[in-house]
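J.: Turn this into a model:
(one chain, ligands or ions: 1)
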Amino acid sequence: MTLSNLAVRDVETVIHPYTNLATLRESGPLVLERGKGVFVYDTAGKPYIEGMAGLWCTALGHGNEELVEAAAAQMRKLPFAHLFNAKSHDPAIELAERLKEMAPVPTSKVFFCNSGSEANDTQVKLVWYMNNALGRPKKKKIISRLKGYHGVTIASASLTGLPVNQRDFDLPIAGILQTGCPHHYRFAQEGESEEDFATRLAAELEAMIVREGPDTVAAFIAEPVMGAGGVIVPPKTYFAKIAQVCRKHDVYMIDDEVICGFGRLGTAFGCQALGFVPDGVSLAKALTSGYVPMAAVMVSEPMYQALLDESRKIGSFGHGFTYSGHPVAAAVAVKTLEIYARDRLFEAVAQKAPRFQARLKALGQHPLVGEARGTGLIGAIELVADTATKRSFDPKAGVGPRAVRFAEEEGLIVRFLPGDSISVCPPLIIAPAEIDALFDRLGRALDRTLDWVQREQVRKS
Ligand SMILES: Cc1ncc(COP(=O)(O)O)c(C=O)c1O
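T.: Below you'll find the predicted structure:
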């Protein structure tokens, strides 16, 4: 395969996240040049439906001039200012006020950061700090879930329940525990109903807390719908049962809304769609529609009181990033939230979701698909070698990556996730006809993958 000049320059200079760096040397990257609405265009001018909203983030699609204007205006006025040493600026104050107003849980204050990983690292540090302030220095362990995704910094990657993020990185750090994943298709016992499965997972969580000692377990962290772990929608009553266990043992419940926040499930926040009330919330991605990096941690009143106590004792709250509450990012976030409200985007998602889910679930009939799952405007199909036994393909056969490549040839960007799942998570502004085009292309890609599987006899165990 001959690589373009840009591709050659890329391979010689750039380390790509989540990429097989060895095969990249042969295949080269897909180099994108511009975007408009739900479409992106490569350097040859070929259009693709951005079926993943970038990395689950460009809710308003590409080319939103209002966001461009908000950034440019702020850059002209005050391109940088920080929040250290009692300094502040208008965009950060306004954004914090708006987030407090719309938060799904009573929120006292907002702490700004620049990525989902930083937000979740901050959550861990704040929980530790709070428990020191409260005089319970042993209560420090954090429980996350198998297949959960919370980022890649040292604490966040330790929370993330995917082997690829820990193997040979010498992770996880001490004090992080992992409980079960609420994926009924893969982890339910023979004949176990969704309800019984949820009950068992909550009982397993409680058993873990009791075994470790509730006075040593500080927090539990979860995404409402797991994203990078394979788009896993939990059973209906799962979170209510889990939240009850957390409350009983005074375990701080952290809701990682980095993907689900801002309308993805047809409600402002994922916890509202799934019916639970956490203690703290992490936000990122659609907060700025992905146009500039920005993340936030919603801090509860009891936690804030603990931070105040520590400040009095130590003399300063010793945490923060140079770009915490960056004025350009904050101005773009304020504008993004304004657009969501003005255009009633979350309600629009709820209206479009049935069509999206119907098209997604129809792919569940395809001979390569073991399960088609999702809710709102997010979903995944899990490819299997045998739909009757749920037998997976040998990862070395590369069936998922092959399907993703066929989708790209069909003009669609989707993502391959561990466990041969292919995810879709388009911009929230996607039009009904574009939803149809997305699934038409995905269906054709699956047909081509099936042809290839049969030709290469990949199905043999
Ligand atoms: C649920 C969730 N949490 C945290 C993160 C980490 O965010 P970032 O890549 O901005 O560090 C992600 C990224 O995809 C995510 O999906």
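J.: And stretch 54-64, how far out from the chain middle?
T.: 14 Å (C-alpha atoms, centre = their mean, to the nearest Å).
J.: Output that stretch as CSV, nothing but the C-alphas.
T.: In CSV, the C-alpha atoms belonging to stretch 54-64 read as follows (Å, rounded to 0.1, in the frame of the first residue of the first chain):
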residue,chain,number,x,y,z
GLY,A,54,-15.3,12.3,17.0
LEU,A,55,-14.7,10.6,20.4
TRP,A,56,-18.3,10.7,21.7
CYS,A,57,-18.1,14.5,21.9
THR,A,58,-19.1,16.7,18.9
ALA,A,59,-22.7,16.9,19.9
LEU,A,60,-23.3,20.0,17.7
GLY,A,61,-21.4,18.5,14.7
HIS,A,62,-18.8,20.4,12.8
GLY,A,63,-18.8,24.0,11.5
ASN,A,64,-21.0,25.6,14.2
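J.: Show the average pLDDT along that stretch.
T.: The average pLDDT within stretch 54-64 is 98.
J.: With stretch 441-461 instead?
T.: 89.
J.: Would you mark the buried spots in stretch 67-81?
T.: Buried residues in stretch 67-81, defined by neighbour count with 16 or more other C-beta atoms under 10 Å: 67, 70, 71, 74, 81. No exception for glycine: its C-beta is placed from N, CA and C like everyone else's.
J.: Also stretch 55-68?
T.: Those would be 55, 56, 57, 58, 59, 60, 61, 62, 64, 67, for stretch 55-68 by 16+ other C-beta under 10 Å.
J.: measure that stretch end to end?
T.: 20 Å (C-alpha to C-alpha, to the nearest Å).
J.: Run the chain-centre distance for whatever helix or strand residue 7 lives in.
T.: If you go by DSSP states H and E, residue 7 is part of helix 5-13. A distance of 29 Å separates the centroid of the chain from that of helix 5-13, by C-alpha atoms, centre = their mean.
J.: Ok, stretch 283-296 next?
T.: 11 Å.
J.: Please apply the same query to stretch 113-130.
T.: Centre to centre, stretch against its chain (C-alpha atoms, centre = their mean), the figure for stretch 113-130 is 16 Å.
J.: pLDDT of it, averaged?
T.: On average, stretch 113-130 scores 98.
J.: buried ones in that stretch?
T.: 113-124, 126-130.
J.: likewise stretch 233-247?
T.: Neighbour counts using 16+ other C-beta under 10 Å place 233, 234, 235, 237, 238, 239, 241, 242, 243, 245, 246 of stretch 233-247 among the buried residues.
J.: what do you get for stretch 447-461?
T.: For stretch 447-461, burial by neighbour count (16+ other C-beta under 10 Å) applies to 448, 449, 450, 453, 458, 459.
J.: repeat for stretch 214-230
T.: 217-230.
J.: Now that stretch: average pLDDT?
T.: pLDDT averaged over stretch 214-230 gives 98.
J.: okay, now the closest residue to the ligand within the stretch 351-461 of the chain: neighbour count?
T.: Nearest residue of the stretch 351-461 of the chain to the ligand (C-beta to the nearest ligand atom) works out as residue 425 at 9.9 Å. Applying other C-beta atoms under 10 Å, we find 28 residues neighbouring residue 425.
J.: which residues does it contact?
T.: Counting by C-beta atoms under 8 Å, 6 or more residues apart in numbering, residue 425 touches 51, 52, 53, 56, 227, 231, 259, 264, 377, 378, 379.
J.: Identify the residues contacting the helix or strand harbouring residue 72?
T.: Using DSSP H and E, residue 72 sits within helix 65-77. Helix 65-77 has contacts (C-beta under 8 Å, 6+ apart) with 60, 91, 288-289, 291-292, 327-328, 330-332, 334-336, 339.
J.: Of those, which belong to strands?
T.: Nothing among these maps onto strands, per DSSP state E.
J.: What parts of the stretch 201-350 of the chain come near the ligand?
T.: 223, 227, 228, 256, 258, 259, 284 (C-beta under 6 Å from any ligand atom).
J.: 5 Å - rerun?
T.: Within the stretch 201-350 of the chain, the positions adjacent to the ligand are 223, 227, 256, 258, 259 by C-beta under 5 Å from any ligand atom.
J.: TSV for the residues you listed, including secondary structure?
T.: Formatted as TSV, those follow (DSSP: H, G, I helix; E, B strand; the rest coil):
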residue	secondary structure
223	coil
227	coil
256	strand
258	coil
259	coil
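J.: Pick out whichever of the residues you listed sits closest to the ligand.
T.: Using C-beta to the nearest ligand atom, these come closest to the ligand at residue 258, 3.5 Å.
J.: and the closest one, what are its phi and psi?
T.: phi -60, psi -40 (degrees, to the nearest 10).
J.: Was I right to think it contacts residue 284?
T.: Yes - applying C-beta atoms under 8 Å as the test, residue 258 and residue 284 come out as touching, 4.5 Å apart.
J.: and for those two, which residues touch both?
T.: Counting by C-beta under 8 Å, 6+ apart, the common neighbours of residue 258 and residue 284 are 116, 119, 295.
J.: CA atoms of the helix or strand bottoming out on mean pLDDT in the chain as CSV?
T.: When the helices and strands of the chain are scored by mean pLDDT, DSSP states H and E, helix 21-27 comes last with a mean of 90. Below are the C-alpha coordinates for helix 21-27, written out as CSV (Å, rounded to 0.1, in the frame of the first residue of the first chain):
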residue,chain,number,x,y,z
LEU,A,21,1.7,1.4,16.2
ALA,A,22,3.1,-1.6,14.3
THR,A,23,0.3,-2.0,11.8
LEU,A,24,0.0,1.8,11.4
ARG,A,25,3.4,1.7,9.7
GLU,A,26,1.8,-0.3,6.9
SER,A,27,-1.7,1.1,6.8
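J.: Give me the buried positions along that helix.
T.: Result for helix 21-27 [16+ other C-beta under 10 Å]: buried residues residue 24.
J.: Could you list which residues are in contact with residue 118?
T.: 151, 153, 156, 295, 321.
J.: rerun that using 6 Å as the cut-off
T.: Neighbour list for residue 118: residue 295 [criterion: C-beta atoms under 6 Å, 6 or more residues apart in numbering].
J.: and it, helix, strand or coil?
T.: Secondary structure, three-state DSSP: residue 118 is helix.
J.: same deal with the one 3 residues further on?
T.: Classification of residue 121 into helix, strand or coil gives helix, according to three-state DSSP.
J.: mind checking the SS state of the closest residue to it other than its chain neighbours?
T.: Counting by C-beta to C-beta, 6 or more residues apart in numbering, residue 155 is the residue found nearest to residue 121 once chain neighbours are left out, at 4.5 Å. Using three-state DSSP, the structure places residue 155 in helix.
J.: Would you confirm that residue 155 contacts residue 124?
T.: Yes - the criterion here is C-beta atoms under 6 Å, and residue 155 meets it with residue 124 at 4.6 Å.
J.: pLDDT below threshold where in the stretch 251-400 of the chain?
T.: Applying pLDDT under 70 to the stretch 251-400 of the chain flags no residue at all.
J.: If you count neighbours, what's buried in stretch 418-437?
T.: Buried residues in stretch 418-437 (16+ other C-beta under 10 Å): 418-430, 434-435, 437.
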